[in-house]
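**Student:** Sequence plus the predicted model coming up.
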Amino acid sequence: MNADQARQIGRHVKAALLHQVTADRATETAGVDMLGNDGDWRGYVTETGVGPARAFRAALDAVEELDEWAIGNAGACGAGSETYAGTERWCHTEFGVLPLGDGPGTRVSPERMRSIASVADGLAHLIEFARADSRSVAAPDGAPAARPVDTFTEGDLARRAGFRLPDAAGQARQIAREMRQTATSSERIAAVPTDACRIPWPVCPEHGNTISSTGGRSWCRRPGCGRRWDYDRGDIPCPEPVRWRVTDQHGDGGPMCDGHALDARTALIGGTVVPLDEDEGRQP
């Protein structure tokens, strides 16, 4: 599908999820637990005999899963961050912010981070609208550019009060960028094989401790190497395959990749660095 189709699907699915959350909050205010036990709804069943609580839980779970797919689909189809701009107007949920899930990893999942980033984008747009409104307050006809403070009109004061808004919009955009970078880092961490080296400081696979990083990028400083990464290599566990067993003078250590083993050789005193056999090399 094209980007516009993916964007529309994402918006409708997100709106459905927001409305379900709002329905749950409304019934809770009325003293009814929409997600509670079916026994709480004794005497209230659907035409198929399914209790309302069970039906609501099933629907909410389904739409949450569909929302995660729609977010990924929008990104894959080239839909921009404007997909979820203005969610605060879709229902009565303030700013369209969904409550975080309670399942393992749901609070820091890449999908959740990108959803929050979209909310931050929407907030930046709202701040820009507020700034435009404050600047559009008309000054009195023929009013001079500089006047005594005691002659300022309400419009003058509104324009003066809006001086913070550009910075506020910039901060919201920075939040969105940071949340998307967090989502990307989370995906990279999850993609590192469990049987990889996984040591948390970065090395060049060939030259060891020769990595520099800045601006979210990394490269090897060794002349002629040419290895570069479009992310900070220190943000993820080492993804290289283990090939060596490194042991210090106290007998502590473990399997390491070529780059970390090379670095260990220069630092070990009384330790050993020996090749792993093929089977042992796949042990964590």
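**Tutor:** Happy to help now that I have it.
**Student:** Secondary structure class of the spatially closest residue to G254 that is not a sequence neighbour, three-state.
**Tutor:** With Cβ to Cβ, 6 or more residues apart in numbering as the criterion, G254 has its nearest non-adjacent residue at 6.7 Å, and that residue is V246. C-beta coordinates here come from the backbone N, C-alpha and C atoms, glycine included. Here V246 is recorded as strand under DSSP: H, G, I helix; E, B strand; the rest coil.
**Student:** for the stretch 51-200 of the chain, which spans come out with low pLDDT?
**Tutor:** Low-confidence segments of the stretch 51-200 of the chain, defined by pLDDT under 70: 51, 80-82, 85-108, 133-160.
**Student:** ok, now with 50
**Tutor:** Scanning the stretch 51-200 of the chain for pLDDT under 50 picks out 98-104, 106, 137-140, 142-144.
**Student:** which residues in it form helices?
**Tutor:** Ranges of helices in the stretch 51-200 of the chain, per DSSP state H, counting those that start in this stretch, are 52-76, 110-135, 154-161, 165-191.
**Student:** who touches the residue nearest to G254 in this structure?
**Tutor:** V246 sits next to G253, G254, P255, M256, H260, A261, A264, L268, G271, T272, V273 when contact means Cβ atoms under 8 Å, 6 or more residues apart in numbering.
**Student:** Buried subset of those as a PyMOL selection?
**Tutor:** Applying 16 or more other Cβ atoms under 10 Å to these, the buried members can be selected in PyMOL as follows:
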select buried, resi 253+255+256+260+261+264+268+271+273
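**Student:** What residues are bridge-paired with the residue nearest to G254?
**Tutor:** Note on V246: beta-bridge partners by DSSP bridges are G254, V273.
**Student:** Quick check: it vs I199, distance?
**Tutor:** Note on V246: its distance to I199, by Cβ to Cβ, to the nearest Å, is 10 Å.
**Student:** residues shared between the contacts of those two?
**Tutor:** In contact with both V246 and I199: M256, H260, using Cβ under 8 Å, 6+ apart.
**Student:** chain center to stretch 55-75: distance?
**Tutor:** 17 Å (Cα atoms, centre = their mean, to the nearest Å).
**Student:** Could I get the buried residue list for that stretch?
**Tutor:** Here stretch 55-75 shows F56, L60, V63, E64, L66, D67, E68, A70, I71, N73, A74, G75 as buried, counting by 16+ other Cβ under 10 Å.
**Student:** mind listing what A261 touches?
**Tutor:** A261 neighbours (Cβ under 8 Å, 6+ apart): R243, W244, V246, V273.
**Student:** Which of the three states applies to it?
**Tutor:** helix.
**Student:** ok, now how distant is the closest residue in space to it that isn't next to it in sequence from G31?
**Tutor:** Using Cβ to Cβ, 6+ apart and skipping residues adjacent in sequence, the residue nearest A261 is W244, 3.8 Å away. Distance of W244 to G31, computed by Cβ to Cβ: 64 Å.
**Student:** Dump the contacts of A261 into a markdown table; add distance to R221 as well.
**Tutor:** Output for these, formatted as a markdown table (distance: Cβ to Cβ, whole Å):
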| residue | distance to R221 |
| --- | --- |
| R243 | 23 |
| W244 | 23 |
| V246 | 23 |
| V273 | 23 |
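**Student:** Reformat these as JSON lines; add pLDDT and distance to V203.
**Tutor:** Shown next, in JSON lines, are the contacts of A261 (pLDDT from 0 to 100; distance: Cβ to Cβ, whole Å):
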{"residue": "R243", "pLDDT": "93", "distance to V203": "13"}
{"residue": "W244", "pLDDT": "93", "distance to V203": "13"}
{"residue": "V246", "pLDDT": "92", "distance to V203": "13"}
{"residue": "V273", "pLDDT": "89", "distance to V203": "14"}
